[in-house]
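K.L.:
my questions concern the predicted model and sequence given below.
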Amino acid sequence: MPDNTAEETTATLLTADQAAQALGISTRRLRDWRKEGRITEVGRFKRGTARIPLFAPEAVERLRTAVAAEEAPVATVATAADSAAFAEAVARRVALLLAERAAAEVATVAPLVAQITDQAERLGRLEAERESVEAQLTARDQALAAHALTIAELRRRAEVAEAELFHQRKDQEAAQAAPEGLGAQEALAEVQGAASRVWGCVRRWWERR
């Protein structure tokens, strides 16, 4: 590729610095684009030992337009109607994204909710079982207390009956040891009366059980 003269450079072509400035990029970025084939130099300008690449203004302008189109938004708003439609489309898109996110969160939380529900039901069953056991223990304690009272009452009655029998036996022994001057009928009546009193005490004790 032949070198261009200074007059040709300043009149029709752009140096790398000028082209980069027109594109709004650095000379290093311009060099990368040149290697990628996005822009092609049309000549070189010799300055001392350096050879500076030159670019056609038309090529630089085409590249600038292409870069601007790439960086421009996909949708453009030209009128009020377009603006309303664009806003509605954005709102629908946002609503859809929010719905998808909410559904994902619900799907994530649902197993946790089910697990918590199962645990709550299990705790409820355990609480019911605990109350049932406490009721059974209370009933058993009440029954034991009633049995203890019954046993105490029976023991008291047995002691009373035993004391009465003891006194009756003493009376019988005293009657049997009566003086010989008493008649046989009086002694027999005394013995029968003592025996009757003993059986009366036993009967009364039995009836109070």
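P.N.:
Noted; the coordinates are in hand. Residues are numbered from 1 along each chain as shown.

K.L.:
quick one: name whatever helix or strand follows the helix or strand where His147 lies.
P.N.:
Per DSSP states H and E: His147 is located in helix 80-176. With elements assigned by DSSP H and E, the helix or strand that comes after helix 80-176 is helix 184-207.

K.L.:
who touches the residue nearest to Ala19 when sequence neighbours are not counted in this structure?
P.N.:
The shortest distance from Ala19 to any residue other than its chain neighbours is 4.5 Å, reached at Phe55 (CB to CB, 6 or more residues apart in numbering). Any C-beta I mention is one placed from the backbone N, CA and C, and that applies to glycine too. Applying CB atoms under 8 Å, 6 or more residues apart in numbering, we find Phe55 in contact with Leu13, Leu14, Thr15, Ala16, Ala19, Ile39, Thr40, Glu41, Val42.

K.L.:
same question, Leu23
P.N.:
Counting by CB under 8 Å, 6+ apart, Leu23 touches Leu30, Val60, Leu63, Arg64, Val67.

K.L.:
so who does the first one touch?
P.N.:
With contacts taken as CB under 8 Å, 6+ apart, Leu30 has the following neighbours: Ala16, Ala19, Ala20, Leu23, Ile39.

K.L.:
how is the protein carved up into domains?
P.N.:
3-71, 161-207 (automatic domain parsing).

K.L.:
ok now the longest one, how far from the chain's centre?
P.N.:
On the basis of CA atoms, centre = their mean, to the nearest Å, domain 3-71 sits 65 Å off its chain's mean C-alpha point.

K.L.:
now secondary structure too, for the contacts of Leu23, in CSV please.
P.N.:
Formatted as CSV, the contacts of Leu23 follow (DSSP: H, G, I helix; E, B strand; the rest coil):
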residue, secondary structure
Leu30, helix
Val60, helix
Leu63, helix
Arg64, helix
Val67, helix
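
K.L.:
out of the residues you listed, which comes closest to Arg197?
P.N.:
Here the nearest of these to Arg197, counting by CB to CB, is Val67; it sits at 135.1 Å.

K.L.:
quick check: closest non-adjacent residue to the closest one.
P.N.:
Computed as CB to CB, 6+ apart, the closest residue to Val67 that is not its neighbour in sequence is Leu23, at 6.9 Å.

K.L.:
relative to Arg44, how far out is the one you found?
P.N.:
Distance, Leu23 to Arg44, using CB to CB, to the nearest Å: 19 Å.

K.L.:
could you do Val60 as well?
P.N.:
Separation of Val60 from Arg44 (CB to CB) stands at 16 Å.

K.L.:
what's the answer for Asp17, then?
P.N.:
14 Å.

K.L.:
Val160 too?
P.N.:
Separation of Val160 from Arg44 (CB to CB) stands at 140 Å.

K.L.:
neighbour count: these two, which is higher?
P.N.:
Arg44 (19 against 14; other CB atoms under 10 Å).

K.L.:
now do the SS call for that one.
P.N.:
Per three-state DSSP, Arg44 ends up strand.

K.L.:
how many neighbours does the nearest residue to Cys201 once chain neighbours are set aside have?
P.N.:
Of all residues not flanking Cys201 in the chain, Glu164 sits nearest, at 4.2 Å (CB to CB, 6+ apart). Per other CB under 10 Å, the neighbour tally for Glu164 reads 17.
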